[in-house]
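Enquirer: Predicted model follows, preceded by the sequence.
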Amino acid sequence: MTKTRIEMKNVHKRYGHNEVVQGVDLKVEDNEVVVLIGPSGAGKSTVLRMMNGLETTTSGEILIDGTDIAKAHVDIDKVRQKIGMVFQHFNLFPNLTVLGNITMAPVELGLMTKAEADKEGRRLLDVVGLADKVDARPAKLSGGQKQRVAIARALAMHPDIMLFDEPTSALDPEMVGDVLAVMRRLADDGMTMVIVTHEMGFAKEVADRVVFFGDGKILEQGSPAQMFDHPQHERLQGFLQKVLEA
Amino acid sequence: MKRKWLLTTLLAGLLSILTWGMPREQVQAAETYTIGTDVTFAPFEFADKNNQYVGIDIDLLNAIAKEEGFSVQWKTVGFNAAVQALEAGQIDGVMAGMSITPERQQKFAMSDPYYKSGIAMAVAKNSSIQSMKDLKGKRVAVKTGTASADFANANKNKYGFTTVTFDDSNNVYQDVTTGNSQACFEDFPVMQYGIATGVGLKVTNKTPYEANNYGIAVLKSHQADLLVKINAGLKKLKQNGQYDKIVAKYLGDGSQASQAKKTKATQETDRSFLGLLKSNKDTLLAGLLETMELTVVGILCATVIGVLIGLLGVVPNAIAQGAATTFIYIFRGLPMIVLALFIYTGIPSLTGAHIPAFIAGIITLTLNEGAYTAAFVKGGIKAVDRGQMEAARSLGLPWGKAMRRVILPQGIKIMIPSFINQFIITLKDTSILSVLGLLELTQTGKIIIARNMEGFKIWTMVALIYLVLITLLTWLSNYIQKKVH
């Protein structure tokens, strides 16, 4: 029996008169890799950021392992410890070394001793192929290296879920491959992942399910094969045509 | 470990400096009254060449106190500040060549007259102005809040002149000497004494206008004790000849020669730059020390308050942010001199609580410089990329931990130049606190100049001392900045 990790029920988000998320229902099962696609402004990043409470909701429920994080009394910090997030612009901490970026949170939150965290940090850097950058400052790294450190930083918390918000959009083309390789490995290892991306090839290859957003709503979802080879919604057809042409 | 040690030292230093600056209470059996007086109103009160306050007022009240068995603590804060402090109940009385007027009798309890005075009109030595009739279209300098000022204002329409007011006699004379004003009104004996000491003016009227009497003002609540003692003591001194002795000590027999002799006893002999520096070295050093005390304590308090308020301004809570914004709005918006006077004389007149001038000065610096500090602390934190907070929070760090480990270390780097700037401004702003009568560098300069009229040389010294201080402070700040980076 699979376990539902994330369940969004009729979620709305309004800024004044502008409703950017208009009633989204979305389930993510354990070990599932879900890719959110759609034109910019469709609300996919907002939906992703709602999953760890970085965006608030106007109405609706967001259940993480059965707990509604939209409720005020929920300890959101506890929930976030189990959800890793990777940002488009990496957001590494420039005041810390590469290793410091990875070990700071687990040590600060009392989950690991300094020694344990250092050991784990070095292991993770090895996994993402940056074992030689342990003591480097983030400013000295390339974009691709930064993003791999950011992934290692999120993994150091041993999350159950990983959220990726356009992780390769800010990278030079030759850097994209390294980052996608790390993500592919994570997917293969059974990590539950929600990814906002424009890398259609990657989506096709890695996703269990692809969700198409338009105007703050889910317009269509299904397996990569269904979505890419037999798109039903005319907006999805148009979207794919534009992206694949480019 | 190291940080804890630093913090403890800082706190200990802060405390010791604070207590150091407090007025030390003298343990005395006899009643001590605090009497405010003018900074310079020779021959009634002025600092002699050893920077001791002397004069007819000082000697007379000290003699009365001795006679009647109480002691006097003098506060040389300037005439206006003294009167305001008395109105606020900060001090017990004012003796500063103060004319007895009906208004003052209504507000305060006034003593029996102790000196008969009146108003002199003085003009530049080479001036052709001979009487008030010649003042048409001219400008007349007076000292704020004095009987001479009232007299000038009452007559300006009749004779067609305008008035300009200053806080110190010295500035009044200076304005006439430089030709900005063509005449000044001043208490008769004061003007005579000033001219004998070297003020380049001459008195036009042989007999005083508006002959009046000087009296000592005390709080109405002291009507039954202090006032009775003063009147009784004054009577005794007049009877036993001590009164005449004191007056003669400062005014001699009225001849220029005798006055010049008296003057010599209180004035510097070597008027060269180095000579003046030498003879005023101790006084200037004391002023420098007070300025440094104010600066160090002010910077520490303002930084603590500023950082706290700045942080309050970024807490994700509307009330906290509103409080911080209001604090910054009010205390950055108020001119520092208004804030200083409000705290020192305004609040006490409302609540009756006494605030020592040093403490009032520190509160002023803390609020004003603290508001500027809060503004750039808030700005520095907000200048840190929003993604940094999101990344830290997404790892499960609570807001406080994210602030401390991620945002502040980056924000502080942004803030450092502003901090250095603010430290230097704080040092300079301590000079504004001279309005509270604090004997810091600027006030010290004013007092020395009031005695010897060597404005150019003394202000040059004061300016150089400030520049040296600011240079040292800048070096220190740059050194710290390098260490941090």
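Expert: Structure's in. What do you need?
Enquirer: for A:Arg14, phi and psi?
Expert: With angles defined as degrees, to the nearest 10, A:Arg14 sits at phi -130, psi 130.
Enquirer: okay, it: pLDDT?
Expert: For A:Arg14, the model assigns a pLDDT of 93.
Enquirer: which one is it nearest to, not counting chain neighbours?
Expert: Leaving aside its sequence neighbours, A:Arg14 sits nearest to A:Thr58 (C-beta to C-beta, 6 or more residues apart in numbering or on different chains; 4.5 Å). Any C-beta I mention is one placed from the backbone N, CA and C, and that applies to glycine too.
Enquirer: check contacts around that neighbour.
Expert: Counting by C-beta atoms under 8 Å, 6 or more residues apart in numbering or on different chains, A:Thr58 touches A:12-14, A:19, A:21.
Enquirer: so what does the longest helix anywhere in chain A touch, helix or strand wise?
Expert: Longest among the helix segments of chain A by residue count, using DSSP state H, is helix A:173-188. Where contact means 3 or more C-beta pairs under 8 Å, 6 or more residues apart in numbering or on different chains; DSSP states H and E, helix A:173-188 is packed against helix A:143-155, strand A:192-196, helix A:200-206.
Enquirer: repeat that for 7 Å
Expert: helix A:143-155, helix A:200-206 (3 or more C-beta pairs under 7 Å, 6 or more residues apart in numbering or on different chains; DSSP states H and E).
Enquirer: Against A:Ala70, how distant is the residue nearest to A:Arg14?
Expert: 10 Å (C-beta to C-beta, to the nearest Å).
Enquirer: same question for stretch B:287-294, mean pLDDT?
Expert: pLDDT averaged over stretch B:287-294 gives 95.
Enquirer: Same question for stretch A:170-189.
Expert: The average pLDDT for stretch A:170-189 rounds to 93.
Enquirer: residues in contact with it?
Expert: With contact meaning C-beta atoms under 7 Å, 6 or more residues apart in numbering or on different chains, stretch A:170-189 is reached by A:33, A:88-89, A:128, A:142-144, A:147-148, A:151, A:162, A:164, A:167-168, A:193, A:199, A:202, A:206.
Enquirer: what subset of the residues you listed is also close to chain B?
Expert: A:His89 (C-beta under 7 Å from any C-beta of the partner chain).
Enquirer: Pull out the buried members of the contacts of stretch A:170-189.
Expert: A:33, A:88-89, A:128, A:143-144, A:147-148, A:151, A:162, A:164, A:167-168, A:193, A:199, A:202, A:206 (16 or more other C-beta atoms under 10 Å in any protein chain shown).
Enquirer: so where does the spatially closest residue to B:Leu334 that is not a sequence neighbour fall, helix or strand?
Expert: Leaving aside its sequence neighbours, B:Leu334 sits nearest to B:Asn368 (C-beta to C-beta, 6+ apart; 7.2 Å). Per DSSP states H and E, B:Asn368 falls inside helix B:357-383.
Enquirer: helices or strands up against that helix?
Expert: Using 3+ C-beta pairs under 7 Å, 6+ apart, helix B:357-383 sits against helix B:281-312, helix B:318-333, helix B:336-341, helix B:408-429.
Enquirer: Show me what from chain A comes close to chain B.
Expert: Residues of chain A lying near chain B (C-beta under 7 Å from any C-beta): A:52, A:54, A:77-78, A:80-81, A:85, A:87, A:89, A:91, A:93-95, A:104-105, A:108-109, A:157.
Enquirer: From those residues, list the buried ones, please.
Expert: For the residues of chain A next to chain B, a burial check counting by 16+ other C-beta under 10 Å picks out A:52, A:54, A:77, A:80-81, A:85, A:87, A:89, A:91, A:93-95, A:104-105, A:108-109, A:157.
Enquirer: Which of those residues fall in strands?
Expert: Counting by DSSP state E, these place A:Met85 in strands.
Enquirer: Ramachandran coordinates for B:Asp244?
Expert: The phi and psi values for B:Asp244, taken as degrees, to the nearest 10, are phi -60, psi -40.
Enquirer: can you tell me how far the closest residue to B:Leu227 other than its chain neighbours sits from chain A?
Expert: Spatial nearest neighbour of B:Leu227, chain neighbours left out: B:Ala109 (4.9 Å); criterion: C-beta to C-beta, 6+ apart. Applying C-beta to the nearest C-beta, to the nearest Å, the value for B:Ala109 to chain A is 64 Å.
Enquirer: any idea how far A:Lys27 lies from A:Glu220?
Expert: In terms of C-beta to C-beta, A:Lys27 sits 15 Å off from A:Glu220.
Enquirer: Looking at those two, which has the bigger crowd around it?
Expert: A direct count of neighbours by other C-beta atoms under 10 Å in any protein chain shown for A:Lys27 and A:Glu220 places A:Glu220 higher, at 21 against 14.
Enquirer: any weak-confidence spans in the stretch 301-450 of chain B?
Expert: For the stretch 301-450 of chain B, no stretch is flagged by pLDDT under 70.
Enquirer: how about the residues of it near chain A?
Expert: Near chain A, when you scan the stretch 301-450 of chain B using C-beta under 7 Å from any C-beta, you find B:387-388, B:390-391, B:393-398, B:401, B:405-406, B:409-410.
Enquirer: switch to 8 Å and redo it
Expert: Counting by C-beta under 8 Å from any C-beta of the partner chain, the stretch 301-450 of chain B comes close to chain A at B:385, B:387-388, B:390-398, B:401, B:405-406, B:409-410.
Enquirer: mind listing the helices for chain A?
Expert: Along chain A, the stretches classed as helices by DSSP H are A:44-50, A:76-81, A:98-108, A:114-127, A:143-155, A:173-188, A:200-206, A:224-229, A:234-245.
Enquirer: what would these look like in JSON lines with distance to B:Asp282?
Expert: Shown next, in JSON lines, are the helices of chain A (distance: least, C-beta to C-beta, whole Å):
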{"stretch": "helix A:44-50", "distance to B:Asp282": "68"}
{"stretch": "helix A:76-81", "distance to B:Asp282": "61"}
{"stretch": "helix A:98-108", "distance to B:Asp282": "54"}
{"stretch": "helix A:114-127", "distance to B:Asp282": "56"}
{"stretch": "helix A:143-155", "distance to B:Asp282": "62"}
{"stretch": "helix A:173-188", "distance to B:Asp282": "70"}
{"stretch": "helix A:200-206", "distance to B:Asp282": "80"}
{"stretch": "helix A:224-229", "distance to B:Asp282": "89"}
{"stretch": "helix A:234-245", "distance to B:Asp282": "83"}
